[in-house]
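1. With the sequence up front, the predicted model follows.
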Amino acid sequence: GHIVLPPKAISVIGGFRAQGRTANRARILLDEALRLQDAGAFAIVLECVPGNVAHAITETLEVPTIGIGAGGGTSGQVLVFHDMLGMLSHPHHEQWVPNFCKRYANVGHVIQEGLLAYKKEVESGEFPGEDFSPYVMTKEEKASFDKLLEIDSEERIKKQESTAKKLSEADEYEQLKLYGDKGK
């Protein structure tokens, strides 16, 4: 079970906001945790909860608790590895990294550099190149394959055009030009 901050709620409530910070709300969280346990949950995630509340819930339950932004009094801890390693470096993502997340590395910029270099090489045709295309046919097999392709080339072109048309007509994004004009 998941108490307090289901992932979908983050954007709805405007970020990572602590819950259970009043005595009444904390007691409601404890009761919710007990109901989840009674319903058969094998563990309960406590997210963005004051440490003393998470500790009290952990001490009350028979099932283990996993804390994320809930202090050290839970049975275990978890962090989203993208956050703790700084994997996402886009400014939009930075505003959503929770303040309870300790960053152990900042690999997002290195990942971004690698992805941009890959994109550039693919677009220029430099990658994969012969060095990274190790699977080849003998000249004889390639010639035989080319002959086989010639046999039904016109039929394959017509089939490809027909399939492209069907897919385009079935795709509402394509119909609404949400992908852009794609050179048409």
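-> That came through fine. Values in this document were obtained by computation on a predicted structure and should not be read as measured data.
2. Between the two ends of stretch 99-117, what distance do you get?
-> The stretch stretch 99-117 measures 31 Å between its terminal residues, going by CA to CA, to the nearest Å.
3. Give me the mean pLDDT for that stretch.
-> For stretch 99-117, mean pLDDT is 79.
4. quick one: it to chain centroid distance?
-> 15 Å (CA atoms, centre = their mean, to the nearest Å).
5. Buried ones in it, by neighbour count?
-> 100-101, 108 (16 or more other CB atoms under 10 Å). Backbone N, C-alpha and C define where each C-beta goes, glycine included.
6. which element is residue 117 on?
-> Residue 117 is part of helix 108-124, with elements assigned from DSSP states H and E.
7. For the very next helix or strand once past that helix, list the C-alpha coordinates in PDB.
-> For helix 108-124, the following helix or strand on the C-terminal side (DSSP H and E) is helix 139-151. Only the C-alpha atoms of helix 139-151 are listed here, as PDB (Å, rounded to 0.1, in the frame of the first residue of the first chain):
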ATOM      1  CA  LYS A 139      28.800 -11.200 -51.800                       C
ATOM      2  CA  GLU A 140      27.000 -14.100 -53.300                       C
ATOM      3  CA  GLU A 141      24.200 -14.100 -50.700                       C
ATOM      4  CA  LYS A 142      23.800 -10.400 -51.100                       C
ATOM      5  CA  ALA A 143      23.400 -10.700 -54.900                       C
ATOM      6  CA  SER A 144      20.900 -13.500 -54.400                       C
ATOM      7  CA  PHE A 145      19.000 -11.400 -51.900                       C
ATOM      8  CA  ASP A 146      18.900  -8.400 -54.300                       C
ATOM      9  CA  LYS A 147      17.400 -10.600 -57.000                       C
ATOM     10  CA  LEU A 148      14.700 -11.900 -54.600                       C
ATOM     11  CA  LEU A 149      13.900  -8.300 -53.800                       C
ATOM     12  CA  GLU A 150      13.500  -7.400 -57.500                       C
ATOM     13  CA  ILE A 151      10.900 -10.100 -58.000                       C
END
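8. Just name the closest of the buried residues of stretch 99-117 to residue 38, please.
-> residue 100 (28.4 Å; CB to CB).
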